[in-house]
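Student: got a sequence here, can you model it:
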Amino acid sequence: MTQGKDDVVRLRAFLQQLSRDPIVLTIALSRAWTIKQLDVNNAFLHGDLAKDVYMKKPRGYDIGDGNLVCKLTKALYGLKQAPKAWHDSTTMVLVYVDDIIITGSSNKVIGEIIQQLNIKFALKDMVKFSAFRGSAFNNPKFYQCVMGSLQYFTVTKPELAYCVSKISQFMLQLLDEHWTHVKHILRYVCGTSTFGLLLQPTNITTMEAYSDSDWGGDPDDQKSTGSFCVFLGKNLVSWCSKKQGAVARSSTETEYQATADLVAKLIWIKNLMIELQTELPTPPSIYCDNLSAVLLAVNPIYHSKSKQFEIDIHFVCDFVTKRIIDVSHVLGTV
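Tutor: Got it, this is the predicted structure:
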C-alpha cells in the first residue's frame with residue numbers, strides 16, 4: 001500500500017477481477033462442471049513480440065548509462081485473452097499473472113486447452129482447487145505490508161471486510177493501539193486458517209442482496225460505514241464494507257447511499273452473468289431495514305431532507321421503475 005498511484009490502481013483492478021471468481025465458480029458448481037487450477041512454472045506468460053518494444057530499467061538496476069533502456073525479447077503477460085469455446089460447449093478461463101482457473105461444460109475441451117497451453121508454457125496442475133492467500137513480513141513498514149496482505153484475505157473471508165476496512169483508515173496516523181487491533185485480526189486469521197467460504201451447487205436463477213449502514217458510526221468525523229452482501233442462490237458471491245465519503249444528515253441518507261452502491265454492484269454482476277450466458281429470469285432483490293429508504297426507492301418524494309442525495313435517488317429509482325431491481329423492506333432484528 002506504499003507504492004505509487006499506478007500500483008494502487010493495479011491492486012484495485014486485481015481485487016475487482018477476483019470478485020468475479022465466486023460468480024463463475026457458483027455457475028460451474030451448479031452445472032456440475034469440472035474445475036481445474038493451473039500454475040505456470042515460469043513467473044510470467046512470455047509471448048513473442050512482432051515489433052521492437054523498449055522499457056525503462058527496473059528500479060534499483062543502476063548498471064551502465066542512466067539514459068539506457070531495456071529491449072524486450074519476450075512480451076510480459078502475453079496471454080491476454082481467454083481461448084474461445086469449441087463447438088457448442090462453454091468454457092471459462094480466469095487468469096491472473098501465472099495462476100489459471102479453467103472450468104466448462106466439456107471435460108474434453110478443458111483437456112485440449114490445458115494440452116495446448118502446456119505446449120507453449122510449462123504448467124503445473126494443482127489437482128485440487130485452492131484459494132489465493134497473502135503473507136506478511138516484518139520490516140520498517142510492517143503495518144502497511146500487513147494491511148496489504150490482509151486485503152487479500154477479505155477475498156475469501158467476508159467477516160474480515162469491516163475490521164480490515166476500519167483499521168486501514170489509519171495508515172498515515174499509526175498508533176500502538178492500531179497495531180494491537182491488527183494483531184487481534186492476525187490471531188483470528190491463524191486460528192481460522194482451515195475455515196473458508198463455502199461454494200456449493202445451488203439454484204442460480206435467483207439473486208438476493210442485503211444492505212445496511214451505521215449512521216455516524218465513526219466517533220472522530222461522524223461518517224457512516226455502508227455494507228452489503230450478495231447471494232447467488234445460496235452462495236455468497238460478493239460483499240463490501242466501506243466508509244462513506246461524506247457525513248450523512250439522517251439515517252435514511254446513509255442507508256440510501258449504501259443501497260445505491262449495492263444497485264451499482266448488482267448491475268455489474270447481472271451484466272457479467274449475461275456475458276456468461278446465464279441470464280437471471282427474475283430481477284435481483286434488495287432487502288433494506290430502513291423503511292424510509294425503501295419508500296424513497298419505490299415512490300420517490302423529493303423534499304428538503306433528500307436534496308443532498310438526490311442523484312442517488314434518481315439512480316436507484318430508475319432501475320426500480322424499469323423492474324431491473326426490486327427493493328423491499330426487511331426487519332433489522334431477528
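Student: can you give me the helices in the stretch 101-250 of the chain?
Tutor: Ranges of helices in the stretch 101-250 of the chain, per DSSP state H, counting those that start in this stretch, are 107-120, 142-153, 161-167, 176-191.
Student: where does the protein have low pLDDT?
Tutor: For the chain, the stretches with pLDDT under 70 are 1-19, 39-50, 64, 74-89, 96-98, 126-140, 300-308, 334.
Student: mind naming the longest helix for it?
Tutor: In the chain, assigned by DSSP state H, the helix with the most residues is helix 251-275.
Student: buried residues in it, which are they?
Tutor: 251-263, 265-266, 269-270, 273 (16 or more other CB atoms under 10 Å). No exception for glycine: its C-beta is placed from N, CA and C like everyone else's.
Student: of all the helices of the stretch 101-250 of the chain, which one is nearest Thr205?
Tutor: helix 107-120 (25.0 Å; CB to CB).
Student: now that closest one: buried residues?
Tutor: Residues of helix 107-120 classed as buried by neighbour count (16+ other CB under 10 Å): Val109, Ile110, Ile113, Leu117.
Student: show the contacting residues for the second one.
Tutor: Same thing as Ile110. Thr34, Lys36, Thr91, Ile102, Thr103, Gly104 (CB atoms under 8 Å, 6 or more residues apart in numbering).
Student: measure it to Leu199 for me?
Tutor: To Leu199, Ile110 is 19 Å away according to CB to CB, to the nearest Å.
Student: out of the contacts of Ile110, which comes closest to Ser224?
Tutor: Thr103 (38.6 Å).
Student: tell me the contacts of that closest one?
Tutor: Neighbouring residues of Thr103 by CB under 8 Å, 6+ apart: Val24, Leu25, Ala28, Trp33, Thr34, Ile35, Lys36, Thr91, Met92, Ile110.
Student: the helix or strand following the longest helix of the chain: partners in the sheet, and parallel or antiparallel?
Tutor: Of the helices and strands lying after helix 251-275 in sequence (DSSP states H and E), the nearest is strand 285-288. Each strand paired with strand 285-288, and its direction, by DSSP bridges: strand 207-214 (parallel), strand 326-329 (parallel).
Student: can you redo those as CSV with distance to Thr156 and mean neighbour count?
Tutor: Putting the strands paired with strand 285-288 into CSV (distance: least, CB to CB, whole Å; neighbours: other CB atoms under 10 Å) gives the following:
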stretch, distance to Thr156, mean neighbour count
strand 207-214, 19, 22
strand 326-329, 29, 17
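Student: so which of those strands gets nearest Met171?
Tutor: Shortest distance between Met171 and the strands paired with strand 285-288, using CB to CB, is found for strand 207-214: 21.6 Å.
Student: got the contact list for that closest one?
Tutor: Identification of contacts with strand 207-214 by CB under 8 Å, 6+ apart yields 224-233, 244, 251, 254-255, 257-259, 261-262, 265-266, 269-270, 280, 284-289, 330, 332.
Student: Leu236 versus the nearest residue to Phe231 once chain neighbours are set aside, what's the distance?
Tutor: Distances taken as CB to CB, 6 or more residues apart in numbering place Glu208 nearest to Phe231, at 4.9 Å, with adjacent residues excluded. Distance of Glu208 to Leu236, given as CB to CB: 10 Å.
Student: between the two, what contacts are shared?
Tutor: Val230.
Student: so Ile27 touches Asn203, yeah?
Tutor: No - using CB atoms under 8 Å, Ile27 is not in contact with Asn203, being 11.6 Å away.
Student: and the two? Which one has more around it.
Tutor: Legend: neighbour count by other CB atoms under 10 Å for Ile27 and Asn203, higher for Ile27 (23 against 10).
Student: what helix or strand does that one sit in?
Tutor: According to DSSP H and E, Ile27 maps onto helix 21-30.
Student: next secondary structure element downstream of that helix?
Tutor: Remark: after helix 21-30, the chain's next helix or strand is strand 34-40, criterion DSSP H and E.
Student: which elements pack onto the next helix or strand after that following strand?
Tutor: Counting by DSSP H and E, the element after strand 34-40 in chain order, helix or strand, is strand 54-55. Strand 54-55 sits against strand 70-71, with contacts defined as 3 or more CB pairs under 8 Å, 6 or more residues apart in numbering; DSSP states H and E.
Student: who does the strand it packs on touch, helix- and strand-wise?
Tutor: If contacts are counted by 3+ CB pairs under 8 Å, 6+ apart, strand 70-71 sits against strand 54-55.
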